[in-house]
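Could you work out the structure for the sequence below:
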Amino acid sequence: MDTTLVLSVKKKWFDLIKSGEKKEEYRDLTDYWKKRLGFKAGFYKNYKYIEFRNGYGMNVPKFKVKLIGIEIKYPNKKWIDDTIKFDNCFVLKLGDICA
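Numbers count the residues shown, from 1 in each chain. Okay, here's the model as predicted:
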C-alpha cells in the first residue's frame, strides 16, 4: 500500500513546490514531527508521496509529489521564512509531481 503524508503549506511555498523550483520541505525536530514521520532509530514510516495542500478543508488546491527521502540536516535558508527559528530539521526530499 502506498502511503501519503498530507501537509498544508503557505501559498508561497505551495506555488514554488508545484513549479518544481523548491525541491525540499522542512519540519522541525519536535516530538510531534518525529511521531508523525514515524522516526525511530534513523528509520521513517514508508511514505511514498506527499500531498501538499494550500489551506484546510475539502475544496482547497492540492497536488501530490513523490517523496524521495527524509534526512536530518540544516535547511537551505532560501526556502524558509523569517519566522522559522530552527537549525537542524527534517528535510523532506521532493521528487516529481504525480499525475
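
can you pull out the helices in the chain?
Using DSSP state H, the helices of the chain run over 11-18, 31-36.

Point out the most buried one among these.
Comparing those by mean neighbour count (mean count of other C-beta atoms under 10 Å), helix 11-18 ranks first with a mean of 16. C-beta: built from backbone N, CA, C; applies to glycine.

looking at the helices of the chain, which one has the lowest mean pLDDT?
Sorting the helices of the chain by mean pLDDT places helix 31-36 lowest, at a mean of 91.

Show me which helix or strand of the chain is least confident by mean pLDDT.
Using mean pLDDT, DSSP states H and E, helix 31-36 stands out as the lowest-scoring helix or strand of the chain, at a mean of 91.

What helices and strands are in contact with that helix?
Helices and strands touching helix 31-36, by 3 or more C-beta pairs under 8 Å, 6 or more residues apart in numbering; DSSP states H and E: there are none.

Flag every buried residue along stretch 47-58.
Across stretch 47-58, burial judged by 16 or more other C-beta atoms under 10 Å covers 47, 49-50, 52-54.

how long is it from one end to the other?
22 Å (C-alpha to C-alpha, to the nearest Å).

With stretch 45-60 instead?
26 Å.

ok, now stretch 60-79?
One end of stretch 60-79 to the other measures 23 Å (C-alpha to C-alpha).

For beta bridges, what are the partners of the residue nearest in space to the middle of the chain?
For the chain, the residue nearest the mean C-alpha position is E25 (4.0 Å; C-alpha atoms, centre = their mean). Using DSSP bridges, the beta-bridge partners of E25 come out as L92.

which residues does it contact?
The neighbours of E25, taking C-beta atoms under 8 Å, 6 or more residues apart in numbering as the test, are 7, 9, 13, 17, 50, 52, 91-92, 94.

Tell me the pLDDT of the nearest residue in space to P75 that is not next to it in sequence.
Counting by C-beta to C-beta, 6 or more residues apart in numbering, the nearest residue to P75 once its immediate chain neighbours are dropped is Y26, at 4.6 Å. Y26 is assigned a pLDDT of 93 by the prediction.
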